[in-house]
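1. my questions are about this predicted structure, shown below with the sequence.
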Amino acid sequence: MKLAANLKLLTFLIPCAFLIPVLVLMAPDLQQAWNSGSMQSIKTILVSILLEAMPFLLIGVLLSSLMQWFVSEDMVRRLTPKNPVLGIIAAGLLGIAFPICECGMIPVVRRLMRKGMPAYIATTFILSGPVVNPVVFTATLLAFPSHPEIVIARMGLAFAVAAIVGGLVYLFAKQNPLRKTNVPDELSVQTTVRTHPGFKMAHPHVHNGHDHSDHEHPKNWRSFFIHAGDELFDMGKYLVLGAVITACIQTFVSRADLISLGNGPISSYVFMMAFAYVLSLCSTSDAFVASAFSHTFALGPLLSFLVLGPMLDFKSTLMLLSTFRTRFVIGLAIAIIVLVFAGSWLINAFA
């Protein structure tokens, strides 16, 4: 193990040794580029996205560790409704009790799925939770004080899309969609069980004839924070990468050029959905961005922006890919895009 770690460190240090002289020679040009207007814009947008998303990711990570500590597999199985319709409805409304942003939702749901939560309930919770919660409801109402119909339509469409996608997962996802990960399932370090002649090999979690594998985690705060740190690093690297790319797109593609693409009856929906995907805003603040377009776009395109963004954006796509299998994420993305487009278009046509 030590040899493998040293080899990994060596493969990292050797390129750095060649890179340092190059950086020294290019220092004046790099300093000028670092202080340019475009770079300042990228840094400002990047910091704003991270400051907006990291608190919610941290909340999600801490909740995930608490669930690993206190929530057993038996508890998850007991609380999960046996009826799939009731399970989807309950998962769609669960965000009212757990108002977590989409950045913090994924580590929580990943932990619950490892505890035994079915994939269709977890998927419904991931999609509805970032929208159907009191924090987002209040933020949307403040952003559109004279248009309460936008608030109601946003909550209703988000719940409907999440429920339909959850039903599709129930019908067609026959295998566990979780991707294998290096994050440990246990809060405490497994102890090595040594066997001796004449001794019967026992399960490492069985003591005195009782199974303690998931019911009696040692209350060790050190192991709690180690687990939380592993989760934060595992999810945070994708959040940072998504935020960097999003900041670059927002800097080098002007908003005027983007708006010019959204003048048509169909392209306006496509534009607002793509805009939501690229901006990667938190669901607690995207309503204030959407309100800036309230005099440019109709109700339908605004809804497509408000509903798609919390369910599917660039940074959350990377985080989903780190948690679920690629084929599952692709199918999930297609279903979300089609349902959000159809739902927002119908609401705009008949409202």
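-> Nice, thanks for sending it over. Computed from a prediction, not measured in an experiment: that's the story for all the values here.

2. what's the closest non-adjacent residue to residue 244?
-> Nearest non-adjacent residue to residue 244, counting by Cβ to Cβ, 6 or more residues apart in numbering: residue 46, 6.1 Å away. Every residue, glycine included, has its C-beta placed from N, CA and C.

3. which of the helices or strands spans the one you found?
-> Using DSSP states H and E, residue 46 sits in helix 37-70.

4. and that helix, what other elements does it pack with?
-> helix 102-115, helix 221-252 (3 or more Cβ pairs under 8 Å, 6 or more residues apart in numbering; DSSP states H and E).

5. which of these is buried the deepest?
-> helix 102-115 (a mean of 25; mean count of other Cβ atoms under 10 Å).

6. tell me the angle it makes with helix 221-252.
-> Helix 102-115 runs at 140 degrees relative to helix 221-252, counting by axes from the mean of the first three to the mean of the last three Cα atoms, to 10 degrees.

7. just after helix 102-115, pick out the following helix or strand.
-> Per DSSP H and E, the first helix or strand lying C-terminal to helix 102-115 is helix 119-128.

8. and the contacts of that next one?
-> Contacts of helix 119-128 with the rest of the structure, by Cβ atoms under 8 Å, 6 or more residues apart in numbering, involve 80, 84, 87-88, 90-95, 102, 105-106, 109, 112-113, 158-159, 161-163, 165-167, 169-170, 173, 176-177, 311, 332, 336.

9. again, only this time at 6 Å
-> 87-88, 91-92, 94-95, 105, 109, 113, 158-159, 162, 165-166, 169-170, 173, 177, 311 (Cβ atoms under 6 Å, 6 or more residues apart in numbering).

10. any idea of the angle it forms with helix 102-115?
-> Counting by the same axes, to 10 degrees, helix 119-128 lies at 170 degrees to helix 102-115.

11. CA atoms only: put helix 119-128 into PDB for me.
-> C-alpha atoms of helix 119-128 as PDB (Å, rounded to 0.1, in the frame of the first residue of the first chain):
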ATOM      1  CA  ALA A 119     -34.200   3.900  -6.500                       C
ATOM      2  CA  TYR A 120     -37.500   5.300  -7.600                       C
ATOM      3  CA  ILE A 121     -38.200   7.000  -4.300                       C
ATOM      4  CA  ALA A 122     -34.600   8.400  -4.100                       C
ATOM      5  CA  THR A 123     -34.900   9.800  -7.700                       C
ATOM      6  CA  THR A 124     -38.200  11.500  -6.900                       C
ATOM      7  CA  PHE A 125     -36.700  13.000  -3.700                       C
ATOM      8  CA  ILE A 126     -33.600  14.200  -5.700                       C
ATOM      9  CA  LEU A 127     -35.800  16.000  -8.300                       C
ATOM     10  CA  SER A 128     -38.600  17.400  -6.100                       C
END
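
12. and the next helix or strand past it?
-> For helix 119-128, the following helix or strand on the C-terminal side (DSSP H and E) is helix 134-143.

13. chain center to that next one, what's the gap?
-> Remark: helix 134-143 is offset 20 Å from the chain centroid, using Cα atoms, centre = their mean, to the nearest Å.

14. now do the buried residues in it.
-> Buried residues in helix 134-143, counted by 16 or more other Cβ atoms under 10 Å: 136-137, 139-140, 143.

15. so what's the residue count around the residue nearest to residue 286 when sequence neighbours are not counted?
-> With sequence-adjacent residues excluded and distances taken as Cβ to Cβ, 6+ apart, residue 286 is closest to residue 309, at 5.1 Å. Other residues lying near residue 309 total 29 when counted by other Cβ atoms under 10 Å.

16. what residues does the helix or strand that contains residue 309 touch?
-> Using DSSP H and E, residue 309 maps to helix 299-311. With contact meaning Cβ under 6 Å, 6+ apart, helix 299-311 is reached by 102, 127, 130-131, 153-154, 157-158, 268-269, 272-273, 276, 283, 286, 290, 336, 340, 344-345, 348, 351.

17. buried subset of those residues as a ChimeraX selection?
-> Filtering the contacts of helix 299-311 down to the buried ones (16+ other Cβ under 10 Å) takes a single ChimeraX command:
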select :102,127,130,131,153,154,157,158,268,269,272,273,276,283,286,290,336,340,344,345,348
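
18. of the contacts of helix 299-311, which belong to helices?
-> 102, 127, 153-154, 157-158, 268-269, 272-273, 276, 286, 290, 336, 340, 344-345, 348 (DSSP state H).

19. ok, residue 174 - how many residues close by?
-> 8.

20. surely it is in a strand?
-> No. Assigned with DSSP: H, G, I helix; E, B strand; the rest coil, residue 174 falls outside any strand and is coil.

21. and the gap between it and residue 328?
-> Applying Cβ to Cβ, to the nearest Å, the value for residue 174 to residue 328 is 11 Å.

22. and if you look at residue 351?
-> Distance from residue 351 to residue 328, by Cβ to Cβ: 33 Å.

23. same question, residue 142
-> Counting by Cβ to Cβ, the gap from residue 142 to residue 328 is 36 Å.

24. ok, residue 349 - how many residues close by?
-> Neighbouring residues of residue 349 were enumerated by other Cβ under 10 Å; the total is 9.

25. ignore what I typed, I meant residue 145.
-> Quick note: residue 145 (other Cβ under 10 Å) scores 9 neighbours.
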